[in-house]
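Provided below for reference: sequence and predicted model.
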Amino acid sequence: MKKILPFLFIALSLPAFLKAQVNYGPILGLNIARYKLDAGFLAFSTSSKPGILIGGVAEKQLKGHFYLQAGAQFVSSGYDLNYYGLALTATIRTIQVPVNLLFKPGNEENRKFHFGIGPYFGVNIVAHERITASGPLTSWGVPENIDSVHNLTTGDLGIGINAGYHFTKRVFAQAHLQKGLTSLFFDTQGFDVKNYNYGLTVGYLFGKEKEKPKKRPIRK
């Protein structure tokens, strides 16, 4: 229940938020996760693992070239790791809320590119990890297969940057790069596990077009 409460608040606030937006709509794409494990004396990274990203985004012009973009998205990520006869494969499901400040160069009618930066907040909702041992590890009593994750942290917090391109005023593509600031697991005997995500999404924006100022007739 504690995992759902922040997003219940967001869901209740969303209608009023969207009402004030110029554009909002769905996004769909690919997210590739990579995790870094640091134990002080030992540090290594897992191999990259692809997953899906699906959700929605809304943006509003603040002033001039600056826009506020916020979203809610379901992200599937995970990791693969092979280390001295120990193979780890994990899948993690997260709900993310990214908030970005965008900069769109160009004039009002021809803003094709945008660049953004901002934090993301997340809730890890489920994780599955399979550990497979081989070689001398099995002779030392390590089970051949373990399938459980009990110490996944609830919250996730990080920082991200993105860049996008508008094919039309409605259709766009956006690339993102994120770095987690909190450890993915707790009570792991000194291990600090942080995630790195990058990927590409495409989206479609609904909303009213900004009205053009009417030209006043020239009086003779």
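Structure received. Being a predicted model, the structure only gives us computed values, none of them experimental.

Glu109: neighbouring residues, count only.
Counted with other C-beta atoms under 10 Å, residues neighbouring Glu109 total 8. Every residue, glycine included, has its C-beta placed from N, CA and C.

Against which helices or strands is the helix or strand Tyr165 falls within packed?
Secondary structure assigned from DSSP states H and E places Tyr165 in strand 155-166. The helices and strands touching strand 155-166, judged by 3 or more C-beta pairs under 8 Å, 6 or more residues apart in numbering; DSSP states H and E, are strand 86-103, strand 113-133, strand 171-180, strand 192-204.

Give me the sheet partners of it and which way each runs.
When pairing is defined by DSSP bridges, strand 155-166 lines up against strand 113-133 (antiparallel), strand 171-180 (antiparallel).

Report the inter-axis angle for it versus strand 192-204.
Taking axes from the mean of the first three to the mean of the last three C-alpha atoms, to 10 degrees, strand 155-166 and strand 192-204 form an angle of 30 degrees between their directions.

any idea of the angle strand 155-166 forms with strand 86-103?
Using the same axes, to 10 degrees: strand 155-166 against strand 86-103 is 60 degrees.

circling back to that earlier point, rank the helices and strands packed on strand 155-166 by pLDDT, which is bottom?
For the helices and strands packed on strand 155-166, mean pLDDT drops lowest on strand 113-133, to a mean of 83.

quick one: contacts for Phe167?
Residues counted as contacts of Phe167 (C-beta atoms under 8 Å, 6 or more residues apart in numbering) are Ala173.

bridging residues for Val123?
Under the criterion used (DSSP bridges), Val123 bridges to Ile95, Gly155.

Please determine how far it is located from Ile161.
In this view, Val123 and Ile161 are 22 Å apart by C-beta to C-beta, to the nearest Å.

can you check Gly106 too?
In terms of C-beta to C-beta, Gly106 sits 20 Å off from Ile161.

Looking at those two, which is more packed in?
When neighbours are counted by other C-beta under 10 Å, Gly106 and Ile161 differ, and Ile161 comes out ahead with 15 against 11.
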